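Asks: give the three-dimensional model of this entry:
(2 chains)
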Amino acid sequence: MQHLWLIPALPLAGFLVNGIFGRRAPKAVINLVAIGSVALSLAWVVKTLVALGALDGPYVERYFTWIESGILSVPVEFAVDRLTAVMLLVVTGVGLLIHIYSIGYMAHEGGYHRFFAFMNLFMFFMLTLVLANNYLLMFVGWEGVGLSSYLLIGFYFLRRSATTAANKAFIVNRIGDFGFSLAMFLMVTRFGGLDFPRVFSAASALPRETEAGLLTLIALLLFVGATGKSAQIPLYVWLPDAMEGPTPVSALIHAATMVTAGVYMIARSAPLYQQAPIAMDVVAVVGLATAFVAATIGLTQFDIKRVFAYSTVSQLGYMMLAVGVGAYAAGIFHLVTHAFFKALLFLGAGSLIHALAGEQDLRRMGGLRKKVPVTFATLVAAGVAIAGIPPFAGFFSKDEILLAAHHHAPWLYWLGVLTAAMTAFYVFRAIFLAFYGDYRGEHHPHESPPSMLGPLVVLAALSLAGGFLPVSRFLGPLFPAAEAHHDPILVAVSVAAGLLGLGSAWYLYVARRGLADRLAARLGAVYRLVYNKYFVDELYQATVVRPVVKGSEFLLWRRMDVGLIDGAVNGIGSRARAVGAVLRLMQSGNIRSYAAWVLMGSVAALIALGFSGGLR
Amino acid sequence: MDSVPLAWYLILSAVLFALGVAGFLFRRNLITIFMSIELMLNAVNLSFIAFAYKLNQVDGQIFAFFVMVVAAAEAAVGLAIILTVFKNRPSLAVDEVNALKY
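Replies: Down below sits the predicted model:
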C-alpha cells in the first residue's frame, strides 16, 4: 500500500484549513498551509515513484465502491502508471513553483486566503483527475478543476469583466462536458463499466468492421469534452478571456496543467482511439487548425497575457495534433515542456505586470531590459524554448510532433512548420516590444521580490534543459509502437522556421521600428480581421448566445416560468384565499354565533342519526 | 309515578333545554347566559333521572350527581369571573367583553 490517496488529500486539507480558518490567520500561516500542503504532496509523489520503481505495469489501489447500481459498479480507485507518473510530477512540481511565486504576486491583493484555498482546491481536483482509474472518477476531477478555474477567473469578483469571463469559461466547458458525459453513457451501455482496463479490453475485443461506428462515436464524444477543457476549435473562446484571473492562475490552470487535461485524457484513452482512425484524423486536423488560427491571432494582440493565451491555445493544438497522429508520447512530452516554458512565460508576464503596477498593454511597455533584468532573462529563456531553437526544451518536443505529423501526412507538417514560425514571431514580438526600444509608460518599474524570481529561475532552467528529459522514451512502452522518425532535413526546416520568426520579429520591432505599424496599415482589412480574433466571439454571440438568451427569455421565462410555474403557484394560492374569504366569515370571534354553529351542527347530527336509524 | 309516561318527562326536558339554548343565544347579560347554562344542565339531568327510573338502573342517577358537582364548581368559578368583570367595566353585556380578541 503506497497510500496514493495522500497525494490529492494533502492539498484538500490545505483548502479546508485555509478556507475555514484563513480569514483570521496571518499571511505566514496561510503560506505555510498552502505551500506546505503542495510541497508535501510533491514529496509524497516522489516517495511513491521511488518506491514503485520502474513502473512496468500500472499500480492500482482500490479504496471503496462508490456507486453500485445494476450492471454499473464504480469503485474509487487510484492507479499509477508511467503516464500518470509524468503528470503527477508536472502538476505538483510546477504547481509548487507557482504557489511560491504567488506569495510575492498576491502580497498586496485582497482575499489572500481565498486565493490560496482555491489554488489548493484546484490541486486536489487536478491530482484526482490524473490518478483516477475510471472515467467517472476522472470526470469528478475534470469538473472540479473546471469549478476551481471558474472560482479563480472570477477572483476579482467586483470586476464585471472577470465574472463574465468566469461564466463564459464555465458555460463553454459545460458544452464539452456534455460530450464527455454522453461518451460515458455509451461506455456503460456497451461495455458495462467505466474502468480503464475494462473499457480498453472491451474496445479492442469489438470487431472493428461492424462496430467502427460505435468506437468512432465514443472517441469523438470524448474529443468534444477535450475541445472544451483544452480550448480547441470551436470551444477555445473561453481561454483568452480567462486571463481576467490573477496571473499565477493563468500560469497554473490556463497554461500548465488544467488545459492539458484534454490531451492527457486522449492519451489515456489511446487504446480506444487506436480503434477509431477517423476520430484520430479529426483530432489531428482540429488540433492543427487550432494551432494555426490561434497563432495568427497571437501575432496581432497587444495585451501581453492575451498573446500568451493565444499561444497556449496554439500549443495545445500542437499536442492535439500529436495525439491525433498517434504520437502520444510526443504529445505528452510537449505537454511537459510546454508546462515549463508557458508557466514561465506567464509568470514572467506576471512579474512584468507586477513591476508596472498592473499594466498589461505592450504598447505602454518598452525598454525594460535594464529595469527588470531577471524577468527579461527568464522570458528570453522561455522564448527560445517555445520557438523551437535547439537545444532548448521546445525544440525536442515540437520536432517529435512535426516529424510524426510528416510521417502521417506531409501537409500537416508544413502547416505545423508555418505555425512554428508564427510562434517564434509572436513570442519575440512580445519580448521585443516589452524590453527593447524606449519606455512608453508612466510607472516606475521595479524588479520583483525573490519569492517571485526564484520560481522564474527554476522554470527557466527547466525550459532550457527540459528537452533532455527522456519523457518519450519513458512513455514509449505504454503506447502502440510508433516507429522513430529521423529526418535531418525536416528538423533543419523547422528550426529555420523558428529562427526566421525570431529574426523577422527582431527586424520589425527592434531594427526597423515603425515598420510593423506601416505593415499593419497596408494589410488593412486582413489585419483588422485577425486583430479582432476573426470576430468569432461576435459570431457566437449572434448565432448561439443571443438566440439562446432570447429563446429562454421568451419561452422559458415568460411562458414556462411566469406562465406555467408561477401561474400554477399563484393560482393555487388565490383559490385558497377565495375559499378562505368565505370560510373566514364563520370565524367572527362572537361566542354566541359559535354557539349557534354548535347548535346547528348538533341538530344536523341528530337528524342524520334519525335518518340512518338511530344508534342501534 | 307510573301514571306519568316517560315521554312527558322527556318533552319537559327538551322544552327546558330549548329554553336554555334560546337564552344562551339571545340574551346579552352574562348572568342570564349563566343561568341559561344551568337550565340546560338541569334539563339534561331531568332526562337522566327519568331514564334511570324507567330502566331501573342507577347509572343515570350517578351521572346526574356528577353533573350537579360540575355545575356547582362551574357556578363558583363562573360567578367569580362575572364579579371580576363587573368590577372592571360598567356593564355585563357579553359583546363588550372582548379584550382578549385583539
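
Asks: how about the residues of chain B near chain A?
Replies: B:21, B:24, B:25, B:26, B:94, B:95, B:98, B:101 (C-beta under 8 Å from any C-beta of the partner chain). Bear in mind the C-beta positions are built from the backbone N, C-alpha and C, glycine included.

Asks: if I look at the residue most central in space within chain A, how far off is chain B?
Replies: Nearest to the mean C-alpha position of chain A, by C-alpha atoms, centre = their mean, lies residue A:259 at 3.3 Å. Counting by C-beta to the nearest C-beta, to the nearest Å, the separation of residue A:259 from chain B is 69 Å.

Asks: ok, that residue touching residue A:314?
Replies: No. If you go by C-beta atoms under 8 Å, residue A:259 and residue A:314 don't touch, sitting 11.8 Å apart.

Asks: low-confidence regions, the stretch 401-550 of chain A specifically.
Replies: Along the stretch 401-550 of chain A, segments meeting pLDDT under 70 span A:481-485.

Asks: for chain B, give me its nearest residue in it.
Replies: Per C-beta to the nearest C-beta, residue A:549 is where the stretch 401-550 of chain A lies closest to chain B, at 52.7 Å.

Asks: contacting residues for residue A:106?
Replies: A:112, A:115, A:116, A:246, A:248 (C-beta atoms under 8 Å, 6 or more residues apart in numbering or on different chains).

Asks: same thing but 7 Å
Replies: A:112, A:115, A:246 (C-beta atoms under 7 Å, 6 or more residues apart in numbering or on different chains).

Asks: residue A:223 too?
Replies: A:266, A:279, A:282, A:283.

Asks: how about 10 Å then?
Replies: With contact set as C-beta atoms under 10 Å, 6 or more residues apart in numbering or on different chains, residue A:223 has these partners: A:176, A:179-180, A:183, A:230, A:232, A:262, A:265-266, A:269, A:273, A:276, A:279-280, A:282-283, A:286-287, A:320, A:323-324.

Asks: in CSV, list the residues of chain B next to chain A along with distance to residue A:497.
Replies: Putting these into CSV (distance: C-beta to C-beta, whole Å) gives the following:
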residue, distance to residue A:497
B:21, 110
B:24, 109
B:25, 108
B:26, 111
B:94, 106
B:95, 103
B:98, 98
B:101, 94
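
Asks: helix, strand, or coil at the residue of the stretch 501-616 of chain A found nearest chain B?
Replies: Chain B sits closest to residue A:589 of the stretch 501-616 of chain A, with a gap of 4.9 Å, by C-beta to the nearest C-beta. Per DSSP: H, G, I helix; E, B strand; the rest coil, the local secondary structure of residue A:589 is coil.

Asks: would you list the phi and psi of it?
Replies: phi 90, psi 0 (degrees, to the nearest 10).

Asks: and it, how many neighbours?
Replies: 10 (other C-beta atoms under 10 Å in any protein chain shown).

Asks: correct me, but it touches residue B:98?
Replies: Yes. Residue A:589 is in contact with residue B:98 according to C-beta atoms under 10 Å; the separation is 7.2 Å.

Asks: where does residue A:68 land in three-state SS?
Replies: strand.

Asks: kindly report the same for the one 5 residues further on.
Replies: The three-state assignment at residue A:73 reads strand, by three-state DSSP.

Asks: buried residues in stretch A:212-224?
Replies: By 16 or more other C-beta atoms under 10 Å in any protein chain shown, the buried positions in stretch A:212-224 come out as A:212, A:214, A:215, A:216, A:217, A:218, A:219, A:220, A:221, A:222, A:223, A:224.

Asks: now for the lowest-mean-pLDDT helix or strand in chain A, which elements pack on it?
Replies: The least trusted helix or strand in chain A, going by mean pLDDT, DSSP states H and E, turns out to be helix A:515-523, with a mean of 82. Under the contact definition 3 or more C-beta pairs under 10 Å, 6 or more residues apart in numbering or on different chains; DSSP states H and E, helix A:515-523 sits against helix A:410-435, helix A:525-531.

Asks: from the residues of chain B next to chain A, which would you call buried?
Replies: Buried, going by 16+ other C-beta under 10 Å: B:21, B:24, B:94, out of those.

Asks: quick one, what contacts the last one?
Replies: Contact partners of residue B:94, counting by C-beta under 10 Å, 6+ apart, are A:590, A:591, A:592, B:24, B:27, B:28, B:29, B:30, B:32, B:33, B:85.
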